[in-house]
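> quick one: sequence plus predicted model below, questions after.
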Amino acid sequence: MAAVASSSSSSHPHAPLFYPMQPAPHQPPQPSAAQFALAEIKGHVCLVQAQLTPQGQVSAALAAADVHVFAHVFSTQFRFSHAAAVHPADLRIIAPVPAAQLLHEEHSGVVFLARELNLRLHQLQRQRHQQHQHQYQYQHQQGLRRPRAAGQVRAQTSA
């Protein structure tokens, strides 16, 4: 058998062969288990499941966050739609959903929300739709205005 060479200069037999030059980066707080939340992704309000910190935010501040998006199916029923990696700039957690206010059937991918949360989700979606509608109308009206040419004067009417 071949003998394994060991360094006799080390005072401890299990000492590492090298030490890191820089200290370890700051570790973010440990997120709770994946939980549900009402969130806005790229302007759309939806139900998501993600790793959230105890403060109710996405755990990754700079890296893309992995979320499961659930589509509204019927009344208070949501079904798993797709998994997505979303940049934190495109994701805003509106409110974490307490586990007591939902029922998640993992085997079928179905989530049932409490009626109050479902109403809140619809209100948020309606508000967001109205904001976009108002913004579109304003931009459309601005596009219809004819810019004044230099030296153009309004005709004044005298009474």
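Thanks, I have it.
> how about low-confidence regions in the protein?
In the predicted model, the chain carries pLDDT under 70 at residues 1-33, 53-62, 132-159.
> okay, strands next: where are they in it?
For the chain, applying DSSP state E gives strands covering 35-41, 44-50, 65-74, 77-86, 91-96, 102-105, 110-113.
> mind putting these into JSON lines with distance to L119 and mean neighbour count?
Just so you know, the C-beta spots here come from the backbone N, C-alpha and C atoms, and that holds for glycine as well. JSON lines is the format used below for the strands of the chain (distance: least, CB to CB, whole Å; neighbours: other CB atoms under 10 Å):
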{"stretch": "strand 35-41", "distance to L119": "12", "mean neighbour count": "20"}
{"stretch": "strand 44-50", "distance to L119": "13", "mean neighbour count": "20"}
{"stretch": "strand 65-74", "distance to L119": "13", "mean neighbour count": "17"}
{"stretch": "strand 77-86", "distance to L119": "14", "mean neighbour count": "15"}
{"stretch": "strand 91-96", "distance to L119": "13", "mean neighbour count": "17"}
{"stretch": "strand 102-105", "distance to L119": "14", "mean neighbour count": "14"}
{"stretch": "strand 110-113", "distance to L119": "9", "mean neighbour count": "19"}
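> right, so of those, which gets closest to L121?
Checking these against L121 by CB to CB gives strand 35-41 as the closest, at 5.8 Å.
> circling back: redo the strands of the chain as CSV? Include distance to R128.
Rendered in CSV, the data for the strands of the chain read as follows (distance: least, CB to CB, whole Å):
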stretch, distance to R128
strand 35-41, 7
strand 44-50, 5
strand 65-74, 14
strand 77-86, 17
strand 91-96, 10
strand 102-105, 21
strand 110-113, 18
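> out of the ones you listed, which is closest to Q127?
Q127 lies closest, by CB to CB, to one member of those: strand 44-50, at 8.5 Å.
> okay then, goodbye and thanks.
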